[in-house]
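In: fold the following, please.
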Amino acid sequence: MRTALPAVGSAGMTLAQDDGALSPTPSVQAPLLNFQKPEVPSLTLPKVKLPELSVQGACNLLAGGVAGAVASAITCPLEVVKTNLQSRGSAKMGLGPLGMARKIVAESGVGGLYRGLSLSMMGIIPTRACYFWAYGATKGALTPAIGDGPATHMLSAIGAGGLSSTVTCPIWMVKTRMQLQGGNVLDTAGKIVNAEGVRGLYRGLGASYWGLSEGALQFFLYEKFKVAMQAANARAAGHSVAEQVTTPPARAPRPAPRARTARSER
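Out: Predicted coordinates for the structure are as follows:
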């Protein structure tokens, strides 16, 4: 009689009892389940290259400052007329823009239309220089990572606006106080710091961040129109070159025959 007994210490074998004798008997192993670890896709972020000092960056800085100065000089009369129209005393006169401009010229001369130009230059030149440098640097850093598209243009404009607003906020604060209270730059800045601390130079900075969307939309449309106009100019140049190649050159007119004279007939 054979009786299967479990064997201790032997894997895959059992002991069978046969008339008092034990003999090994092979056992049946259960199949093992093979669980494979699922592959998790790796997330790679685009590498953004930090802006570096370059000749192009210096050109953007200089061009932005000069453009801001020229634009401020051209539009200064409009700002003066607008400020006078917004005042309460001028509102009661019922004057329009042209009437207000004539009134300013009659009272203060043509120079009255450029009142406060130096203070505007003090704020607009560093603001525009910083803005256009930051826009070019941010665009150059983002383009290799995410391409030259709307996202790059809008993010670059937001970054440039945020940086220029943060850097030049004290300048605009001092400029505004000088327009209201007079004085020079150092005295006005010292009074603000003594009365309100350094944070007083950055009053209104949070509100200026809300206007960053305007710059993002402006440069988004600017880049779109620039690309469209460049494509139109390229097509026009291509047509003109094709016309020059396909059009045969004009033949020179033949000289008219000389009239015979009596001497030549002889």
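In: going forward, measure contacts and count neighbours with C-alpha atoms only.
Out: Will do.
In: hey, where'd the strands end up in the stretch 1-150 of the chain?
Out: Applying DSSP state E, counting those that start in this stretch to the stretch 1-150 of the chain gives strands spanning 2-6, 13-18, 21-26.
In: low-scoring stretches of the stretch 51-200 of the chain, by residue?
Out: 51-52, 88-93 (pLDDT under 70).
In: go again using 80 as the cut-off
Out: The stretch 51-200 of the chain contains residues with pLDDT under 80 at 51-54, 86-95, 179-182.
In: can you show me the helices along it?
Out: 55-86, 88-91, 97-108, 117-146, 150-181, 185-196 (DSSP state H, counting those that start in this stretch).
In: distance to Ala228 and mean neighbour count for those helices - can I get that in JSON lines?
Out: As requested, the helices of the stretch 51-200 of the chain are exported to JSON lines (distance: least, CA to CA, whole Å; neighbours: other CA atoms under 10 Å):
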{"stretch": "helix 55-86", "distance to Ala228": "23", "mean neighbour count": "17"}
{"stretch": "helix 88-91", "distance to Ala228": "44", "mean neighbour count": "11"}
{"stretch": "helix 97-108", "distance to Ala228": "36", "mean neighbour count": "14"}
{"stretch": "helix 117-146", "distance to Ala228": "19", "mean neighbour count": "21"}
{"stretch": "helix 150-181", "distance to Ala228": "14", "mean neighbour count": "20"}
{"stretch": "helix 185-196", "distance to Ala228": "45", "mean neighbour count": "14"}
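In: Arg203: which of these is closest?
Out: For Arg203, the closest of the helices of the stretch 51-200 of the chain is helix 150-181, at 7.5 Å, according to CA to CA.
In: which strands or helices does the closest one pack on?
Out: Packing partners of helix 150-181 (3 or more CA pairs under 8 Å, 6 or more residues apart in numbering; DSSP states H and E): helix 117-146, helix 185-196, helix 205-209, helix 212-246.
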